[in-house]
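Student: build me a model:
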Amino acid sequence: SGVTIIDELFNEVLDLFMRDFIDEWYKDISKDEEFKFEVRKTIQSVVVNLSAKLRDVDFIALSTGPFLTDLTSHLRIFKKTQERLRVFTNYSPQDEIRVFFELESQFGVICTDREAEEVYVRNLVDILLYLLLPKPSFQCYPMRVLIRELITTTCMIPTMDTIVEPDYVNQCFMAWLKDDCLTSDSFLSAIHCCTSPTELDHLEDRLQKDIQRLRAMDSGNITNWRQQLDSLMYALRQVSIRYQNVFDPGLDPDSTIHNAHNDATQPFPTNKPCPNIPLNFILGNSISLKYFIDFMNHIKAEKFLYMWLSVDCFRDELRSRVDMAAADGRVISDAEENMFRKEAKRIYLEGLSEDAPNRIHDIDSRVVARLETAITSLPITPYLFDEVQEGIYNILNKDKKYYHTFRKSMLYYRCLTELDLNQDQLDMMSPEEPCSSSAFKPVAISPNGRFSADIPHVSMVGKDKQDALYGVVLKYRGDHGEEKQWIVPKTFEEIKKFQTRISDQLPSVNLPKSSFFSGLDKDYISNRKEALNGYLKGLFDDATLQSPEVLEQVMEFISSGSSNASDIAPDPENDPDDSLQFDANSSLDDEENIPLKVLILLTDEVFDMKNRNQWFRTRMVTFLRQIVRATFGGKINLKIQEYVEWLTSPEYISEMITLFKDSFWPDGKWADPSPARTASSISLTKFMGHTKLQGMISDELKNIIGKDTVREGVDMVFRMYQAKEMNRLLFYKMLETFIEAVFPDNKIRSTLSLLRNNINTKAIIRRHSVVK
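Tutor: This is a model prediction of the structure:
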């Protein structure tokens, strides 16, 4: 390799290998040292040439590209296998493997027929030797066959047999995942997913032993002792219930939930209590919202929720961009603001304009007019659509055929079951407060409440005759510190008309005078904006708003919109594809692409997020972005590059070689075989590995995706690794991908495809001949 520390360690390993795998049988044949020297030289040539090839491999691109594609492809095949098996009441592991390899036929024979597998591995090693050995060494057939057999029988097949064993995979889960993943929720989830009576038997035996051990101990701290004992007893009861359900699914208390007819008109069970979940909670919780969407789709009223969710996507993404910009000490760029303005225009055209395909007619026309003005003329803010959302909220809440009918359906019952809320949590919910309170609505003015107003931005509106439109940002702070904020677009003429109406009540509040000349001059507009800020400060002075008549006039003024807004129409110069789409790719910064895209792709495949509404995906992307930033900080790609460089550094490689040597040759002697693991140890390792995998998903992500969805998705991933034939497939696919990356110019993929086809054909012929 050219690195002294690596070469010295490698030569030590090679000496031990030659002693135990060459000298052991060659000493009885000949004492000629030249043969051993040539074998050693050939192995060194292979390692040197392979080391040179590995230096050119982009491991980041390989792990986040082809390897990830192999993994997700494997996952899709397993999911399709499970879908096909659902038609059967009972099926064996052999049935699962058979259906799996019907969908993936290229590797089927290799992964299920030992003789075919050995032929494949030998041919694969032959191809590698052709690519790595010097030509004279490769043409020496006896030497080539010896090296091939050494690599195949002492390295490749034993290694593969070990790492594809489900027990080894489960031990890896136990070793790699932190103990923090072992939680009571993940333990109960693993029990709920367990379908093996043997595994439940071993788990019950272990819990019984722990209970007996705990009872035999000195109680010491009686409170802590009692809590541990109660926890073990509760877990034992859950195992007993699950054991019964495995043999008699009809006893499963959840069966009525998961098998309930998905008809939104099916009535709520009359013999069950019906807790009242307020609408604001349903719209703000991912689990309840999923059921509400199903209900609204059934009654053909999904347009209300799709508008609501589109606005939520818009707000969350804009807030995320604004927060990231603020963290860097800047504001969002003009390009970003224009991008969000296009998206706001798209939302408006799809659901609120007169020609909208899914127009919501029930929204107040004044609200639509104010939104129209704000999109075209004012700064784009996260609370741009809040008035629209409040209108939708009122429609859903007041019209009996939406929220109130949903509460009487079976879907609502299923929603309550998955949420698993206790009565204290239900009592704490506010029944009538909308999720979004930033849009203007009449507020109850408390004695100590405070109004303030400011004009941060002025826009020019109108086509033939331009006018200045002032974006008035109004803020209100109540007695208990609660804050509300609105944006109210006003022209100077509208403000002037308002001042005329209240001039008798407010003689001390003076509006700046208008001027016929220089009305649109930049400096003049700026000066007028400052003067209007002074006017608004006087208007919302505490003493001014003491008068009920003045307060009523002010409330009416700020709740009415501008009538000078220009119409919003699609921009023909803009390609529709340029509009902002909040999906897994377009909302990612370049520096986040590597880890975030990997997380999103895996989450899509495991939890079927591609089939979910765009709002769910946006919530998921936002949360995953937070995980990535918390883990890697600012320069994400740079840190990944540094990590990969460390993994490929001489220091780390030498550490791994030392670990390999000490594992196989402790104290310079070949290690004794590991003792056989008992059936109980294998079962408990499997269960605890499943438990850790269930606990790996954070509560925040569970709340976004849904606890049942997360539990079923993680369980599917875990079961995918419990068949060694399927693990062999993934191992060989990734091995071929790696070889192709190391030798990109040698048409490896097509060569190996021909090799597999040839082996498959010969295996089929051999099986037919055996049958005859």
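Student: residue 604: neighbour count?
Tutor: The number of residues packed near residue 604 is 17, by other C-beta atoms under 10 Å. C-betas here are computed from N, CA, C, even on glycine.
Student: ok, it to residue 60 distance?
Tutor: In this structure, residue 604 lies at 21 Å from residue 60, with C-beta to C-beta, to the nearest Å as the measure.
Student: just residue 643 next, same as before
Tutor: When distance is defined by C-beta to C-beta, residue 643 is 9 Å away from residue 60.
Student: compare these two (neighbour count), which wins?
Tutor: Set side by side, residue 643 and residue 60 give different neighbour counts by other C-beta under 10 Å, the larger being at residue 60 (15 against 12).
Student: neighbours around the residue nearest to that one when sequence neighbours are not counted, how many?
Tutor: The shortest distance from residue 60 to any residue that is not its chain neighbour, by C-beta to C-beta, 6 or more residues apart in numbering, is 5.5 Å, and that residue is residue 644. Neighbours of residue 644 under the rule other C-beta under 10 Å: 14.
Student: ok, residue 644 to residue 63 distance?
Tutor: 8 Å.
Student: next, give phi and psi for the residue nearest to residue 60.
Tutor: For residue 644, the backbone dihedrals (degrees, to the nearest 10) come out as phi -60, psi -40.
Student: so it sits against residue 59, correct?
Tutor: Yes: at 5.4 Å, residue 644 counts as touching residue 59 under the criterion of C-beta atoms under 8 Å.
Student: residue ranges for the helices of the stretch 51-200 of the chain, please.
Tutor: For the stretch 51-200 of the chain, the helices defined by DSSP state H, counting those that start in this stretch occupy 59-64, 66-85, 93-103, 108-112, 114-132, 135-139, 141-151, 157-163, 166-176, 184-193, 197-216.
Student: return the most buried member of the ones you listed.
Tutor: By mean neighbour count, with neighbours taken as mean count of other C-beta atoms under 10 Å, helix 108-112 ranks first of these at a mean of 22.
Student: can I get it as PDB, trimmed to CA atoms?
Tutor: This file holds the C-alpha atoms of helix 108-112, laid out as PDB (Å, rounded to 0.1, in the frame of the first residue of the first chain):
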ATOM      1  CA  GLY A 108     -32.800 -16.900  -6.800                       C
ATOM      2  CA  VAL A 109     -30.800 -20.000  -7.600                       C
ATOM      3  CA  ILE A 110     -27.600 -18.600  -6.300                       C
ATOM      4  CA  CYS A 111     -29.100 -17.700  -2.900                       C
ATOM      5  CA  THR A 112     -31.000 -20.900  -2.400                       C
END
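Student: how far away from the center of its chain is it?
Tutor: Computed by C-alpha atoms, centre = their mean, to the nearest Å, the separation of helix 108-112 from the middle of its chain amounts to 33 Å.
Student: repeat for stretch 667-687
Tutor: Computed by C-alpha atoms, centre = their mean, the separation of stretch 667-687 from the middle of its chain amounts to 35 Å.
Student: in it, what's buried?
Tutor: Neighbour counts using 16 or more other C-beta atoms under 10 Å place 682, 683, 684, 685, 686, 687 of stretch 667-687 among the buried residues.
Student: those residues in helices, which ones?
Tutor: With helices taken from DSSP state H, the overlap with those comprises 682, 683, 684, 685, 686, 687.
Student: what sits against the fourth one?
Tutor: Residue 685 is in contact with 167, 170, 171, 174, 677, counting by C-beta atoms under 8 Å, 6 or more residues apart in numbering.
Student: what's the answer for the third one, then?
Tutor: Residue 684 sits next to 202, 203, 206 when contact means C-beta under 8 Å, 6+ apart.
Student: for the first one, give me its contacts.
Tutor: Residues touching residue 202, when contacts are defined by C-beta under 8 Å, 6+ apart, comprise 679, 680, 683, 684, 687.
Student: please tell me how far the third one sits from residue 229.
Tutor: Going from residue 683 to residue 229 by C-beta to C-beta gives 24 Å.
Student: and which of the contacts of residue 684 is nearest residue 332?
Tutor: For the contacts of residue 684, the residue nearest residue 332 by C-beta to C-beta is residue 203; the value is 53.6 Å.
Student: verify the stated contact: the closest one with residue 239.
Tutor: Yes: with the criterion set as C-beta under 8 Å, residue 203 and residue 239 qualify as a contacting pair; they are 5.7 Å apart.
Student: what do these two both touch?
Tutor: Here residue 203 and residue 239 share the contacting residues residue 191, scored by C-beta under 8 Å, 6+ apart.
Student: what stretches of the stretch 501-650 of the chain score poorly on pLDDT?
Tutor: 504, 506-509, 513-523, 541-552, 555-596, 609-640 (pLDDT under 70).
Student: middle-most residue in the chain, spatially?
Tutor: Central residue check for the chain by C-alpha atoms, centre = their mean: the C-alpha nearest the mean position is that of residue 603, 4.1 Å away.
Student: which element is that residue on?
Tutor: With elements taken from DSSP states H and E, the one containing residue 603 is helix 593-607.
Student: wasn't residue 368 part of a strand?
Tutor: No: assignment of residue 368 by DSSP: H, G, I helix; E, B strand; the rest coil gives helix, placing it outside any strand.
Student: closest to residue 197 out of the buried residues of stretch 667-687?
Tutor: Using C-beta to C-beta, residue 683 is the member of these that lies nearest residue 197, at 10.6 Å.
Student: returning to that earlier point: between all of the contacts of residue 685, which two are separated the most?
Tutor: Every pair in the contacts of residue 685 was compared (C-beta to C-beta); the two farthest apart turn out to be 174 and 677, at 12.8 Å.
Student: just the contacts of residue 685 now: which is nearest residue 47?
Tutor: Scanning those for proximity to residue 47, where the rule is C-beta to C-beta, the winner is residue 171, at 29.1 Å.
Student: burial count for residue 749?
Tutor: The number of residues packed around residue 749, counting by other C-beta under 10 Å, is 12.
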